[in-house]
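Student: What follows is a protein structure lacking sequence information:
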């Protein structure tokens, strides 16, 4: 989990992508539904790395089995402070299989959604138009 934390805090897109399972599922309160797949998850995490200011993890909790983690963070977006938690599940191979984000307060979440929307809409549309 330390490797994922370092990659996200340092905005290392390649490092983050390398730690995601092919079938990882990404969820957020800003999204109507979860998105499955490494490519879609990378779109969201890349956008977050671009818009978060002063992003830092402040606390980590790990489940007894070592597969579930809660990474609490603080950041700001467009001058709005926010705090949140990444709920991360890793498989036996150590790759992330689930990445769920929670953010508060509502005004911070709204600022995050506004900042990320233009960065994710095009790339997600491109993913949806690819041939199987």
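Tutor: Perfect, thanks for sending it. Remember, predicted model here, so these are calculated numbers, not experimental data.
Student: Can you show me the strands along this protein?
Tutor: For the chain, strands defined by DSSP state E occupy the ranges 20-27, 35-36, 53-62, 68-77, 80-90, 96-104.
Student: Which strands or helices does the second one pack on?
Tutor: Based on contacts counted as 3 or more C-beta pairs under 8 Å, 6 or more residues apart in numbering; DSSP states H and E, the elements that strand 35-36 packs against are strand 20-27. Using the backbone N, CA and C atoms, a C-beta is placed for each residue, glycine as well.
Student: could you check the angle strand 80-90 makes with the strand it packs on?
Tutor: Inter-element angle recorded for strand 20-27 and strand 80-90: 130 degrees (by axes from the mean of the first three to the mean of the last three C-alpha atoms, to 10 degrees).
Student: Spit out the contact partners of the most centrally placed residue in the chain.
Tutor: Nearest residue to the geometric centre of the chain (C-alpha atoms, centre = their mean): residue 45, 4.4 Å. Residues in contact with residue 45 (C-beta atoms under 8 Å, 6 or more residues apart in numbering) are 8, 13, 16, 26, 99.
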